[in-house]
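>>> from the sequence below, what's the structure:
(one chain, ligands or ions: 1)
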Amino acid sequence: MTEISIAAPARAEDAAFVAEVTDLVNTVYADGEKGIWVPGTARTDRDDLASVIRAGELAVAQREGQVLGAVRVRRLPSGEGEFGMLAAHPAHRGIGLGRDLVAFAEGWARDQGVSTMQLEVLFPNEWEHPTKVFLRDWYIRSGYQVVRKGDFSADYPALVPYLATACDYLIFNKTL
Ligand SMILES: CC(C)(COP(=O)(O)OP(=O)(O)OC[C@H]1O[C@@H](n2cnc3c(N)ncnc32)[C@H](O)[C@@H]1OP(=O)(O)O)[C@@H](O)C(=O)NCCC(=O)NCCS
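Have a look, this model is predicted:
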C-alpha cells in the first residue's frame, strides 16, 4: 500500500533518502521538461531538497520503503497554498499517484486554513510541449483555473541562462 505523508524534517539528515528523492525528481523532470532547459540542467540538488525537507514542505509517496512520488507544499507569503515539484515515478504512472499527491497537497493546505491552492506551469512561448499541454488540461479538469500569465524572465532572472527556449508560465488557482 502506498502512503503519502510529509517527510519528517529530521530526514533532511538522512543522506540516502535525500539522494533517492533528488534523483527521482531530477529524472522525472529531465524527461517531463525535455527541450525546455539546456541539457544537464537539474530541477533540484541534494542541498536544495534537504532544505525543503527541513522546512517540513516535502510530501512523499512511499511503498515498502521506496519513494514513488513527491510534491512540495508550502504557504505563500500572500496567503495561498502552493504545490510544486510534483513527480511520479516513471514505473508507476497512470495508477492515480499524481492525483493522490495533488489531493494530499490540497488536504494539507485545507488543514492550514488555506482556501486557495496555487501552482505554476512553465510553457514554451513558441511551441506546444506535450507534457505541459497534458498538465494544463489535467489541472483544469481537476478544478484549477488560469488566473495569470507570468513573465518568466522578469520573475526568475537567475534561471534564464539555463533555458533552452523562451518560456512564460501560467499561474493556476483552485478554491479549496
Ligand atoms: C504529472 C504526473 C505527476 C502525473 O502522475 P501519474 O501518477 O501518472 O498521474 P495519475 O495516474 O494520477 O493520473 C493523472 C491524470 O492523468 C490521466 N492519465 C494518466 N495516465 C494517462 C495516459 N497515459 N494517457 C492519458 N491520460 C492519462 C489520468 O486519467 C488522470 O486524469 P483524471 O484525474 O482526470 O482522471 C506525472 O506524469 C509526472 O511525474 N510528470 C512529470 C513531472 C511533471 O510534469 N510535474 C508537474 C509539473 S507542474
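
>>> what's the distance between the residue in the chain that the ligand sits nearest to and Ser115?
Closest residue of the chain to the ligand, CB to the nearest ligand atom: Gly98 (2.5 Å). From N, CA and C alone the C-beta is placed, and that goes for glycine too. Per CB to CB, to the nearest Å, Gly98 is found 23 Å from Ser115.

>>> mind listing what's buried in stretch 35-42?
The neighbour-count check on stretch 35-42 (16 or more other CB atoms under 10 Å) flags Ile36, Trp37, Thr41 as buried.

>>> cool, and stretch 62-82?
The neighbour-count check on stretch 62-82 (16+ other CB under 10 Å) flags Gln62, Val67, Leu68, Gly69, Ala70, Val71, Arg72, Val73, Arg74, Glu80, Gly81, Glu82 as buried.

>>> now swap in stretch 1-8 and tell me
Thr2, Ile4, Ala7.

>>> could I get these in a markdown table, plus columns for distance to the ligand?
Output for the buried residues of stretch 1-8, formatted as a markdown table (distance: CB to the nearest ligand atom, whole Å):
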| residue | distance to the ligand |
| --- | --- |
| Thr2 | 10 |
| Ile4 | 12 |
| Ala7 | 17 |
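
>>> after the helix or strand where Val18 lies comes which helix or strand?
When elements are assigned from DSSP states H and E, Val18 belongs to helix 15-32. Next in sequence after helix 15-32, counting helices and strands by DSSP H and E, comes helix 46-54.

>>> direction included, what does the helix or strand just after that next one pair up with?
The helix or strand immediately downstream of helix 46-54 is strand 58-63, counting by DSSP H and E. Strand pairing for strand 58-63, using DSSP bridges, gives strand 3-6 (antiparallel), strand 66-75 (antiparallel).

>>> got the angle for the longest one vs helix 15-32?
With axes from the mean of the first three to the mean of the last three CA atoms, to 10 degrees as the basis, strand 66-75 and helix 15-32 are set at 80 degrees to each other.

>>> and strand 66-75 with helix 46-54, angle?
Using the same axes, to 10 degrees, strand 66-75 lies at 70 degrees relative to helix 46-54.

>>> mind checking the pLDDT average for strand 66-75?
Strand 66-75 shows a mean pLDDT of 98.

>>> what's the offset of that strand from the middle of its chain?
Strand 66-75 has its C-alpha centroid displaced from the chain centroid by 8 Å (CA atoms, centre = their mean, to the nearest Å).
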